[in-house]
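[1] my questions are about this predicted structure, shown below with the sequence.
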Amino acid sequence: MDMDSSIDEAGALPGGADGAAAGPAAAGTSPAPDGGPVASAGPVACGGAEESVAGQRAAAAPTSLSPSRASDFMQCPLLYRFRVIDRLPEKPSEAATRGTLVHAVLERLFDAPAVERTAPRAKALIPGQWDRLRESRPEVTELFADDPEGERLAGWLGEAERLVERWFTLEDPTRLEPAERELFVEAELESGLRLRGIIDRVDVAPTGEVRIVDYKTGKAPRPEYAEGALFQMKFYALVVWRLKRVVPRRLQLVYLGSGDVLTYDPVLADLERVERKLHALWEAIRQATETGHWRPRPTRLCGWCDHQAHCPEFGGTPPPYPLPVGSPGSGTV
């Protein structure tokens, strides 16, 4: 079946909405995997904290796993600790904030009737969504604090317009009726591991096939790195399968930065492999949480890390470990 030509109508996910909270979030924000509203431009800590402001939440052992945090641990266990255990604050970046803005615009566009989902209408949404983003996350105004004439801001907003406009060359929103937008999903595996995440868009064909879509405002990776890019999508597919017993027909990554669309049609064996990988990751996270041993893993990405001052690889010292330390296997996380 040709998913691109068949998904021009949509309904609820097969099996109803049990186990998933759906509905558009406020512009610039998404329901956080730990239960509170956070902007998608910043890290989402999956833990048991009580406060929702980064840097002000009490330390707690992680209780669930999201695609972003799983990727953090695979990239650098110490980065995972800084974000999830220590909850160190991170400065907003222009690229990530622009991504949040573009996501909000594409989500809101589907509020309009199909015939009105045009590129000019989408671009016209940008100023209002930027205002709402600044209201929900005042810290993003710091990005342009040194731009009194507004020239950098104008260029930044212009790039957001170009990304939105490019989307119309990749998909036709007049033929789409998403079943879900910004869908928060959560599933508990038989092992007790809870998986959580937020799916940008879910399309459901009249015949029931499910397509999971994620927007990326960067460029598509080279072919040798495609598997890493698909990890997040297979994670979401696993959660949908565990919730609905439905294997998504297609996973689709829409790269607005380069104008590419990466698709993958998963099979059950793919999801079972991802589940085994996540269990192994969670066991490594559990042991690191109990022992307090979080090793850094230097890569080229270190140059973009906000936590160099606390990283031994850059001569820094991590903050005192805020959780009790025991021997490996002495407890559970």
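    Sure, I can see it.
[2] check which helix or strand covers residue 235.
    Remark: residue 235 resides in helix 226-244, with elements defined by DSSP states H and E.
[3] show me what that helix packs onto, helices and strands only.
    Helices and strands touching helix 226-244, by 3 or more Cβ pairs under 8 Å, 6 or more residues apart in numbering; DSSP states H and E, are helix 67-75, strand 180-188, strand 194-204, strand 210-216, strand 250-255, strand 260-264, helix 268-291. For every residue, glycine as well, the C-beta is placed using N, CA and C.
[4] ok, now with 6 Å
    With contacts taken as 3 or more Cβ pairs under 6 Å, 6 or more residues apart in numbering; DSSP states H and E, helix 226-244 sits against strand 180-188, strand 194-204, helix 268-291.
[5] which of these has the highest mean neighbour count?
    Counting by mean count of other Cβ atoms under 10 Å, strand 194-204 has the highest mean neighbour count of the helices and strands packed on helix 226-244, with a mean of 23.
[6] wait, which of the helices and strands packed on helix 226-244 is closest to residue 300?
    For the helices and strands packed on helix 226-244, distance to residue 300 was read as Cβ to Cβ. The smallest value, 22.0 Å, belongs to helix 268-291.
[7] what's the average pLDDT for that closest one?
    For helix 268-291, mean pLDDT rounds to 97.
[8] what do you get for stretch 150-168?
    Stretch 150-168 carries an average pLDDT of 97.
[9] what's that stretch in contact with?
    98, 101-102, 105, 119, 122-123, 126, 144, 147, 217, 256, 259 (Cβ atoms under 6 Å, 6 or more residues apart in numbering).
[10] on that earlier part again, the helix holding residue 235 vs strand 210-216, what angle?
    Comparing the axes of helix 226-244 and strand 210-216 via axes from the mean of the first three to the mean of the last three Cα atoms, to 10 degrees yields an angle of 140 degrees.
[11] got the angle for helix 226-244 vs strand 250-255?
    130 degrees.
[12] give me the contacts around helix 226-244.
    Contact partners of helix 226-244, identified using Cβ under 6 Å, 6+ apart, comprise 13-15, 19, 67, 185, 187, 195, 197, 199, 212, 221, 247-248, 251, 264, 266, 270-271, 274-275.
[13] quick check: buried residues in that helix?
    By neighbour count on 16 or more other Cβ atoms under 10 Å, the buried set for helix 226-244 is 229-230, 232-244.
[14] CSV for the contacts of stretch 150-168, including pLDDT?
    Formatted as CSV, the contacts of stretch 150-168 follow (pLDDT from 0 to 100):
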residue, pLDDT
98, 98
101, 98
102, 98
105, 98
119, 98
122, 98
123, 98
126, 98
144, 95
147, 92
217, 97
256, 98
259, 98
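[15] tell me the two of these that are most distant?
    147 and 259 (28.4 Å).
[16] and residue 163, how close does it get to residue 86?
    Noted for residue 163: a distance of 33 Å to residue 86, by Cβ to Cβ, to the nearest Å.
[17] try residue 127
    Counting by Cβ to Cβ, the gap from residue 127 to residue 86 is 37 Å.
[18] out of those two, which sits in the busier spot?
    Neighbours per residue (other Cβ atoms under 10 Å) separate residue 127 from residue 86, with residue 86 holding more: 21 against 10.
[19] read off the pLDDT value for that one.
    95.
[20] next, count neighbours for the closest residue in space to it that isn't next to it in sequence.
    With sequence-adjacent residues excluded and distances taken as Cβ to Cβ, 6 or more residues apart in numbering, residue 86 is closest to residue 319, at 5.7 Å. By the measure other Cβ under 10 Å, the count of residues near residue 319 is 13.
[21] equivalent analysis for residue 304, please.
    For residue 304, using other Cβ under 10 Å, the count is 9.
[22] in contact with it, which residues?
    Neighbour list for residue 304: empty [criterion: Cβ under 6 Å, 6+ apart].
[23] do you know how far residue 267 is from residue 202?
    19 Å.
[24] low-scoring stretches of the chain, by residue?
    1-57, 327-333 (pLDDT under 70).
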